[in-house]
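**Q** heads up, no residue letters with this:
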């Protein structure tokens with residue numbers, strides 16, 4: 001009886017707590033909606049530098065300059081398919097990609113996140129709820145979580161699709177009876193295996209052809225040689241027919257990761273490129289436009305290079321790669337053009353504009369920080385090619401540091 005009373009009181013307490021949290025959340029949401037006003041806060045920090053005619057000329061120059069720079073940045077890795085010096089497996093590309101990753105990381109930490117914090121804690125916004133909770137960091141954290149989810153789900157989807165396509169290929173191309181090789185029973189090959197080990201292990205080619213399904217289900221792989229960086233592997237197939245050597249079982253194509261990374265990275269870059277373009281477009285101050293134009297030109301080039309590298313490594317068809325490159329290249333200029341068109345009616349100092357800008361900046365910061373750390377820096381620096389080349393690892397780390405420091409230094413002016 002006492003246990004039932006205790007359980008009932010505990011349940012009642014949980015209900016009261018839930019209702020209290022619900023009322024609190026509704027109150028915060030209502031206050032947040034009420035704060036989405038369009039009235040001007042009455043501050044114009046660049047009033048002394050306001051020049052609408054000069055600003056329009058500078059924004060026109062910025063549109064074409066950023067368009068060309070973005071297109072060049074994203075096109076260089078794609079042209080690397082034909083230019084030997086820019087091949088995605090070359091040292092020059094790896095070092096340049098590390099520099100670009102540093103630029104993206106600094107963009108998230110030094111530019112987007114502080115801008116979001118400044119917008120969402122502006123004195124124009126009501127104290128409750130905007131000044132009572134660190135919304136910028138919270139939204140960036142949620143964006144990183146959802147980016148991880150999209151990364152994981154996308155990778156799983158493409159891997160299963162790849163394996164399904166492989167299975168359908170094997171089903172549509174059955175093995176002809178005459179193509180089966182002669183397989184020696186295990187009892188007769190046991191003595192000869194040791195004598196032929198060097199020959200079997202040396203050439204790296206498939207020794208028995210036509211048993212893909214059997215090899216996939218009864219095989220294990222190990223590296224040749226004594227060095228951990230060796231690439232060559234072979235598989236021993238143990239079955240009722242004997243002991244044979246074949247190539248390793250099929251594994252998911254490594255380009256699958258690059259497919260997912262390129263799509264998620266483009267989503268993050270596009271989301272903040274639109275906001276930055278709008279910010280530049282609505283400004284009527286040459287003092288604001290000039291440093292923004294320089295910063296955008298620099299970071300759009302290297303963001304484009306990182307994105308183009310992922311697209312190139314993913315092995316997209318030419319049309320798909322071209323469309324992704326064009327979409328990236330036109331995003332910021334389109335944002336500038338839209339901002340220029342609505343500058344007469346859009347008030348960047350209104351509470352609504354500050355909240356929207358702060359939320360989008362926070363989302364972009366979370367996506368860019370996650371992508372740069374996990375899918376660009378960690379993926380490259382922990383790869384076998386990097387770990388087996390200390391010199392390349394050192395130079396890439398210096399390039400990463402320089403990229404981050406140079407992009408961070410631009411925060412002094414923009």
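**A** Sure, I can see it. From a predicted model like this one, the values you see are computed outputs, not experimental measurements. Numbering: from 1, shown residues only.
**Q** show me where the stretch 201-350 of the chain dips below the pLDDT cut-off.
**A** Segments of the stretch 201-350 of the chain classed as low confidence (criterion: pLDDT under 70) are 201-254.
**Q** all helices for it, in order.
**A** Assigned by DSSP state H, counting those that start in this stretch, the helices in the stretch 201-350 of the chain fall at 212-217, 255-282, 286-314, 318-342.
**Q** quick one: closest of the ones you listed to residue 58.
**A** helix 286-314 (4.8 Å; CB to CB). (Glycine included, C-beta is placed from N, CA and C.)
**Q** pipe the helices of the stretch 201-350 of the chain into JSON lines and attach mean neighbour count per row.
**A** Compiled in JSON lines, the helices of the stretch 201-350 of the chain are given as follows (neighbours: other CB atoms under 10 Å):
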{"stretch": "helix 212-217", "mean neighbour count": "16"}
{"stretch": "helix 255-282", "mean neighbour count": "23"}
{"stretch": "helix 286-314", "mean neighbour count": "23"}
{"stretch": "helix 318-342", "mean neighbour count": "19"}
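**Q** of those, which is nearest residue 128?
**A** Among the helices of the stretch 201-350 of the chain, the nearest to residue 128 by CB to CB is helix 255-282 (25.5 Å).
**Q** helices and strands around that closest one, which ones?
**A** helix 52-79, helix 135-172, helix 286-314, helix 318-342, helix 351-370 (3 or more CB pairs under 8 Å, 6 or more residues apart in numbering; DSSP states H and E).
**Q** re the thing from before, okay if I get the helices of the stretch 201-350 of the chain as a markdown table plus distance to residue 139?
**A** Conversion of the helices of the stretch 201-350 of the chain to a markdown table gives the following (distance: least, CB to CB, whole Å):
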| stretch | distance to residue 139 |
| --- | --- |
| helix 212-217 | 45 |
| helix 255-282 | 12 |
| helix 286-314 | 21 |
| helix 318-342 | 20 |
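**Q** distance to residue 259 added to the helices and strands packed on helix 255-282, as TSV?
**A** Shown next, in TSV, are the helices and strands packed on helix 255-282 (distance: least, CB to CB, whole Å):
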stretch	distance to residue 259
helix 52-79	15
helix 135-172	6
helix 286-314	4
helix 318-342	10
helix 351-370	17
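**Q** nearest to residue 410, of those?
**A** Using CB to CB, the nearest of the helices and strands packed on helix 255-282 to residue 410 is helix 286-314, at 4.5 Å.
**Q** which intervals of the stretch 51-200 of the chain have sub-threshold pLDDT?
**A** 81, 84-86, 173-200.
**Q** can you rerun that using 90?
**A** 51-53, 55, 76-93, 123-132, 150-152, 154-200 (pLDDT under 90).
**Q** so who does the nearest residue to residue 331 once chain neighbours are set aside touch?
**A** The shortest distance from residue 331 to any residue other than its chain neighbours is 4.4 Å, reached at residue 273 (CB to CB, 6 or more residues apart in numbering). Counting by CB atoms under 8 Å, 6 or more residues apart in numbering, residue 273 touches 300, 328, 331, 332, 335.
**Q** quick one: contacts for the closest residue to residue 277 other than its chain neighbours?
**A** Distances taken as CB to CB, 6+ apart put residue 335 closest to residue 277, at 2.0 Å, once the chain neighbours are dropped. When contacts are counted by CB under 8 Å, 6+ apart, residue 335 touches 273, 274, 275, 276, 277, 278, 280, 281.
**Q** the residues you listed into CSV, with extra columns for distance to residue 50?
**A** Formatted as CSV, the contacts of residue 335 follow (distance: CB to CB, whole Å):
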residue, distance to residue 50
273, 25
274, 24
275, 22
276, 21
277, 20
278, 18
280, 15
281, 15
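**Q** pick out the most distant pair among those residues.
**A** 273 and 281 (12.1 Å).
**Q** tell me which of the contacts of residue 273 is nearest to residue 164?
**A** residue 328 (30.3 Å).
**Q** doesn't residue 123 belong to a strand?
**A** No - if the criterion is DSSP: H, G, I helix; E, B strand; the rest coil, then residue 123 is coil and not within a strand.
**Q** ends of stretch 126-138, what's the gap?
**A** Using CA to CA, to the nearest Å, the end-to-end distance of stretch 126-138 comes to 18 Å.
**Q** which one of the contacts of residue 335 sits closest to residue 372?
**A** Among those, residue 273 lies closest to residue 372 (CB to CB), at 15.4 Å.
**Q** against residue 336, how distant is that closest one?
**A** 10 Å (CB to CB, to the nearest Å).
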